[in-house]
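> Next one to model:
(chains A, B, C and D)
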Protein chains: 2
Amino acid sequence: MRAPYGLNILDNCATCPMRGQHLFCNLSAQASQRLNEIKSTAVYPKGAMLFIEGQQARGVFVLCVGKAKLSTSSREGKTIITKLSDGGDVLGLNAVISNRPYEVTAEMMEPGQANFIPRDSFLQFLKEFPEVAVRVAQQLSRNYYTAYEEIRTLGLAVSPSEKFAKLLLSWSTKTTQDDGSAQVKMALTHEEIAEIIGTTRETVSRLFSEFKRKQLMVVKGATLVIRSRPALERIVQL
Amino acid sequence: MRAPYGLNILDNCATCPMRGQHLFCNLSAQASQRLNEIKSTAVYPKGAMLFIEGQQARGVFVLCVGKAKLSTSSREGKTIITKLSDGGDVLGLNAVISNRPYEVTAEMMEPGQANFIPRDSFLQFLKEFPEVAVRVAQQLSRNYYTAYEEIRTLGLAVSPSEKFAKLLLSWSTKTTQDDGSAQVKMALTHEEIAEIIGTTRETVSRLFSEFKRKQLMVVKGATLVIRSRPALERIVQL
DNA sequence: ATGAAAGAGTGATGTCGATCACACAGCCGT
DNA sequence: ACGGCTGTGTGATCGACATCACTCTTTCAT
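Prediction:
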């Protein structure tokens, strides 16, 4: 039995969202075959936790279908979302490589599928195929840059407006038109946005009002139209 | 001509601060020899910049002697210090691996020495010696964790007091006595501390007063005595 | 269709830390 | 010893945001 698409990302890179870029695409035939042997696939409902902050790392997950949010919490219950992942992303890689507990919690934001590769098999796999080790290093390096950008945002951007503008810009990079406008489908609650930019739900609510009032954006149902990226950029470097 | 120690970290891991842990220690004879061929050593005065944020990555630096601070700035001039490095640390690795500009500025905080390995030679070296590639992946993974901790601190710890307490704790891990006290040599100005915890110089000044008043620490000249780690920890999880 | 739950808007209030503005201490070269 | 640094201590002020306390809207299960 086979899902219509995406179930086995290893066989059909063509349908993979990230195609060539993907960590496990375009491997040698042997490597690819080996990978198929050690991976297993599962489907997850919305809200499912792939893994939880602090758990011993069992293995890596390759997200095939669906979106997931990575978050971390303090003891008092404050939560920040550090990353939103979608098809093609490899989750839990750092924890597995360095043999530490998962540093974040990964929760499915919508139903989806993921391949799982147990830690031991994965490390063995890396030893057998050095070509993959280099790819892994590059992926880790990319993870680092993402984390680093987060640090810059949290550490340097002072006001919530600035962080909010940054977030909108990061969402709209792909869909920007020639005139500087862009459309984004909004699947997040204000609460979640607040956890990304490190503020409160109420403040996010007020930011929406403010940005709409200033003609920076328009909300049409679940899609969000950005009037002009340059205008947002001016807020960011303020 | 040869400096008394540390000039050539590759030959004498015994004198290396990180010994076995070090990225380039305990390599095979061939790898070690090759590394010696491609590296070059230089001394740097206090205040010297090893590299600057935004520069195209020329290669990696292995810090032998001296401390360096890694920082990043926003256009408006606000600066945050993301890491303090000392002997054994490898700087610029991420930028070289992923072929991006250096993401931080590395400035010597005291006179020191560093080995430099040009980008091309380094990447070639990794291809020749897959054993090293795995080590690099682990190092990158460690870098990631450091960055990640930074995110937690900036994103979850709210008040400056909390961040300050965290910083003191991180400084005093190694020198903690049985009774929970610890001594730290303080080489940073209040300004620099402010750039680490993301606040202003004045606030740091007031934090010193407050912590001294609360008997959390005592300042004796350039050394800083922490009365009780548990007391600080209570502030952190507040 | 209807009630409950989740999400979103908005006012009132209080507080913490940034900012500004100084005074003062220590260090260094001449 | 003298100004010129750089670093530090501290008060006064002010504004942005968190917090609280609601109401209103949307969604969804039964």
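> and chain A, which residues reach chain B?
Contacts of chain A with chain B, taken as C-beta under 8 Å from any C-beta of the partner chain, map to A:72-76, A:78, A:80, A:82, A:94, A:97-98, A:100, A:103, A:126-127, A:130, A:133-134, A:136-138, A:140-145, A:147-148, A:150-152, A:154-158, A:198, A:237-238. (Each C-beta comes from the backbone N, C-alpha and C, glycine too.)
> mind listing which of those are in helices?
Here DSSP state H is the test, and the residues of chain A next to chain B give A:94, A:97-98, A:126-127, A:130, A:133-134, A:136-138, A:140-145, A:147-148, A:150-152, A:154-156 as lying in helices.
> Going through the residues you listed, which ones are buried?
Neighbour counting over these (16 or more other C-beta atoms under 10 Å in any protein chain shown) leaves A:94, A:97-98, A:126, A:130, A:133-134, A:136-138, A:140-145, A:147-148, A:150-152, A:154-156 as the buried ones.
> what residues does chain A put near DNA strand D?
Where chain A comes near DNA strand D, counting by C-beta under 7 Å from any atom of the strand, the residues are A:158, A:159, A:160, A:161, A:198, A:199, A:200, A:202, A:203.
> Count the neighbours of the third one for me.
Residue neighbour count, defined by other C-beta atoms under 10 Å in any protein chain shown, stands at 18 for residue A:160.
> and the residue nearest to it when sequence neighbours are not counted, how far is that from residue A:208?
Closest residue to residue A:160 in three dimensions, ignoring its sequence neighbours and counting by C-beta to C-beta, 6 or more residues apart in numbering or on different chains: residue A:199, at 4.5 Å. The spacing between residue A:199 and residue A:208, counted by C-beta to C-beta, to the nearest Å, is 12 Å.
> all strands of chain A, in order?
Along chain A, the segments classed as strands by DSSP state E run A:40-44, A:49-51, A:59-65, A:68-73, A:79-85, A:90-91, A:105-108, A:112-118, A:182-185, A:217-220, A:223-226.
> Quick check: pLDDT value at residue A:228.
For residue A:228, the pLDDT comes out at 85.
> isn't it right up against residue A:181?
Yes: between residue A:228 and residue A:181 there is a contact at 6.4 Å, judged by C-beta atoms under 8 Å.
> low pLDDT regions in chain A?
Within chain A, the stretches with pLDDT under 70 are A:1-22, A:238.
> So for chain A, which residue is the most central one in space?
Centroid check for chain A by C-alpha atoms, centre = their mean gives residue A:85 as the closest residue, at 2.1 Å.
> That one pairs with what?
residue A:68 (DSSP bridges).
> Could you work out the end-to-end span of stretch A:91-100 for me?
Length of stretch A:91-100, first residue to last, C-alpha to C-alpha, to the nearest Å: 14 Å.
> Measure how far it is from the centre of its chain, please.
A distance of 16 Å separates the centroid of the chain from that of stretch A:91-100, by C-alpha atoms, centre = their mean, to the nearest Å.
> For DNA strand D, see how far away the residue nearest to residue A:39 when sequence neighbours are not counted is.
The spatially closest residue to residue A:39, leaving aside those adjacent along the chain, is residue A:115, at 4.6 Å (C-beta to C-beta, 6+ apart). Going from residue A:115 to DNA strand D by C-beta to the nearest atom of the strand, to the nearest Å gives 28 Å.
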